[in-house]
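>>> coords please:
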Amino acid sequence: MAAAAKNQDPLIEKSVPYVDLVFNLPLHQVFTYLIDPKGAAALGKRVIAPFGRQEHLGYIIGERAEVPQGLAEAAIKAVRRVVDPAPVFDCWDLALAEWIARYYLCSLGQALATMIPSGRRTGTYSTFADSEDEIAHRIPELSSEQKHALECIIASCFKEKEVAPPPVSPSSSSSRILYLYGITGSGKTEVFLRAAEHILNQGNSVIYLVPEISLTHQTAEAIEKRFGSIATTLHSGMSPSIRLTQWVRIRTGEVRIVVGPRSAVFAPIRNLGLIIIDEEHDGSYKSGNTPRYHARQVAMHRSSVEGAVLVLGSATPSAEAWKLMGEGTITRLNLSRRLSGGSLPTIRSVSLAHTEGCLTRELKEEIRKTAQLGRQTILFLNRRGFAYFYHCRACGYELSCKHCSVSLTYHKQKGRAVCHYCGYQTVPPRSCPQCGSLEAGYTGFGTELIEEEVRRTFPDLRIYRADADTTSRKGSLEETLALFKAGGFDILLGTQMVAKGLNFPGVRLVGVILADTGLHLPDFRAAERTFSLIVQVAGRAGRYFPDGMVIVQTLRPQDPIIIRACALDLEGFYTAELAQRKILGFPPYTRLIRFTVRSKEEARADRAIENLANIAAPLLPSHGDMLGPAECPIGIISGNHRRQLILRGTSMAPLHAAARNMLTRYEIGKDNRVYLELDVDPVNLL
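Numbers count the residues shown, from 1 in each chain. Model (predicted):
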């Protein structure tokens, strides 16, 4: 009798024969399925299930004993296969995904797919060396400013911790937020690590965010030395299976401190006591894909719900953070001096107006002097390739991508003109394709051209170029930076990947080849990005010696942004920038939701954006206004015509309500040949 019962169909024994699934699709609904024959399907697991004519990966968000009302039992399909032997998410993760779906106006399935690594769990993974079971205490002496900052953070961390139950999503943040505002080289990282150590010693856990994978390696090394095997990294450069394995280790409590770029904010850590966001100003904390979340906003929500302290840090805070510090909403902690024997560099702006080539006389002299001193130089230009603008002087013809409304960049090593948006390539014409004139060719310069001129000017120096073309191989950027740090070459030439948070003791000179690259883009954040980039790259110079030098080459030496950046006048810049933002009605004085439609057919894109505008118009009068509809600044990408509409208001709640209403009504008459992108709190309007 017992044997007979043992051999019964598992479905008969299972008390909840149905599961509710969501998929990584833009569908705001839940689908019910019959569990698999083995009865392994359960809340928090991923499954393969039939959906239409295909099979999709689904996320089990609920279990049920009965068929949903209005649904015929015969119409319910069965789960094909269970992917996970044990749940990979729980009610806390689900609550966070539900908040992301609500705030960023995406589906629950899209939110879960963004949070949870794909792939299957493996038994192997790379982790930090288990050299010490206990937290190491080999730490440097702190300055008085560092001690004060650390005491303030610890005091905030150990206030009574009030944790809301997972489903609760407070409308206003009750989190404790501090900002470690310090010049480059002032010891912010050590304060972060010391604060993390206090949290871990109290039995709580830490998330430590950095803006780029290239910085993850540097920060991970410091954390490995300090914390050993209780720490791990989590980033998109790992294989899906390794990421999922690390995710499970974090869930089980084996890992208590996680370091990584923006996606690490989703780490399923429990007893969360501290979230650190280093280089808070950096735009890479904002996702470019659905859901277009900002790690800072997610961190603010998690710290509020889970009772953790949020500590932000940068030498160039975002305009939003600067305003909140000024109002006292965020507590500002100052670090004003360099700690390793260095001092703030001397910064000079030099006009490029009458310079032949791309290196001014002043910059050449300083490069030679730096080499004679046995020190190193960083040359920075945020544009790769050889040259970027093909122009005919006779007829005015410009060579643009056939699929995008942007110029093609000439890559000399490839012998190709390349689009950096869609990848289209062509052989550069020898004469003007329109009039046949020989007075046509490329102007402007990219990192390839700079490298050629530097090698020609300084044949005796060791030079390396670090950009997306030379560091595409996995691990190559880390190898390059390590070699440069060890003195393996004299000049490092690169794009913004060499400008962020990196610490090179031997660097005396930084040369900004063209400071104006992004200054006058049609985006309200252009000035902030330019200012921040100049100040950040200047911070690589003179970190260990008092003779650091920065040469800022520019076509606009009298531009207030350039003048303030060279003077390291942050107070002056933010005062002027915030005043202008307030007059123009842009963040941080307003909130934005951007609708972007794209279609291969221009007329369809125009009709879709006009339809959205007609829906939005009656919803906004008392809660905000509407910018557009209009063509996007980059009107065509990959053959898709792009149009945008921006909702603007002083509060997010009514904008959210209007946007949801718009989406519901838009879906009714949706054109399947038009794709809609939605961006809440956009950081880029191009």
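>>> in the stretch 451-600 of the chain, which spans are strands?
463-466, 491-494, 507-512, 549-554, 591-599 (DSSP state E, counting those that start in this stretch).
>>> how close does the nearest residue to Arg64 once chain neighbours are set aside sit to Val47?
If the residues on either side of it in the chain are set aside, Arg64 comes closest to Tyr18, at 4.6 Å by CB to CB, 6 or more residues apart in numbering. From N, CA and C alone the C-beta is placed, and that goes for glycine too. Tyr18 sits at a distance of 13 Å from Val47 (criterion: CB to CB, to the nearest Å).
>>> any residues in contact with both of these two?
Common contacts of Tyr18 and Val47 (CB atoms under 8 Å, 6 or more residues apart in numbering): Tyr33.
>>> Mind listing the strands the longest strand along the chain pairs with, and their directions?
The longest strand of the chain (DSSP state E) is strand 625-637. When pairing is defined by DSSP bridges, strand 625-637 lines up against strand 640-649 (antiparallel).
>>> hang on, the earlier thing: which of the strands of the stretch 451-600 of the chain has the highest mean neighbour count?
Of all the strands of the stretch 451-600 of the chain, strand 507-512 carries the top mean neighbour count, a mean of 27, counting by mean count of other CB atoms under 10 Å.
>>> CA atoms of the helix or strand where Leu449 lies as CSV?
Counting by DSSP states H and E, the element that carries Leu449 is helix 447-457. C-alpha atoms of helix 447-457 as CSV (Å, rounded to 0.1, in the frame of the first residue of the first chain):
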residue,chain,number,x,y,z
THR,A,447,42.8,58.7,-30.5
GLU,A,448,44.4,57.0,-33.5
LEU,A,449,45.6,60.3,-35.0
ILE,A,450,46.8,61.4,-31.6
GLU,A,451,48.8,58.2,-31.2
GLU,A,452,50.4,58.7,-34.7
GLU,A,453,51.4,62.3,-33.9
VAL,A,454,52.7,61.4,-30.4
ARG,A,455,54.8,58.5,-31.8
ARG,A,456,56.2,60.8,-34.6
THR,A,457,57.0,63.6,-32.1
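>>> Relative to the whole chain's centre, how far out is it?
Centroid separation for helix 447-457 versus its chain: 30 Å, with CA atoms, centre = their mean, to the nearest Å.
>>> go on, stretch 397-407?
28 Å.
>>> Ala75 - how many residues pack around it?
Counted with other CB atoms under 10 Å, the neighbours of Ala75 add up to 8.
>>> got the domain boundaries for this structure?
Domain ranges of the chain: 2-87, 144-335, 346-386+445-580, 591-680, per automatic domain parsing.
>>> For Ala111, which of those is the nearest?
Nearest to Ala111 among the domains of the chain is domain 144-335 (5.7 Å), distances taken as CB to CB.
>>> where do the strands sit along the stretch 301-450 of the chain?
Going by DSSP E, counting those that start in this stretch, the stretch 301-450 of the chain shows strands at 309-314, 331-335, 346-351, 376-380, 389-392, 409-411, 416-418, 425-426, 440-443.
>>> Please save the CA atoms from the third one in CSV.
Backbone C-alpha positions of strand 346-351 (Å, rounded to 0.1, in the frame of the first residue of the first chain) are rendered in CSV as follows:
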residue,chain,number,x,y,z
THR,A,346,48.7,73.1,-11.7
ILE,A,347,46.0,73.3,-14.4
ARG,A,348,46.5,75.5,-17.5
SER,A,349,44.2,76.0,-20.5
VAL,A,350,45.9,76.4,-23.8
SER,A,351,44.2,77.5,-27.1
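>>> Count residues in the vicinity of the residue nearest to Arg81 when sequence neighbours are not counted, would you?
Of all residues not flanking Arg81 in the chain, Ile48 sits nearest, at 4.4 Å (CB to CB, 6+ apart). When neighbours are counted by other CB under 10 Å, Ile48 registers 15.
>>> quick one on the thing from earlier: measure how the helix holding Leu449 sits relative to strand 376-380, angle-wise.
Counting by axes from the mean of the first three to the mean of the last three CA atoms, to 10 degrees, helix 447-457 lies at 140 degrees to strand 376-380.
>>> All further residue positions should be reported with the first residue as 29.
Will do, 29 is the new start, and the previous item becomes helix 475-485.
>>> Helix 475-485 to strand 535-540, inter-axis angle?
Using the same axes, to 10 degrees: helix 475-485 against strand 535-540 is 130 degrees.
>>> contacts for stretch 672-687?
For stretch 672-687, contacts defined as CB under 8 Å, 6+ apart pick out 130-131, 133, 199, 613, 617-625, 637, 640-641, 644, 647-648, 651-660, 706, 708, 710, 713.
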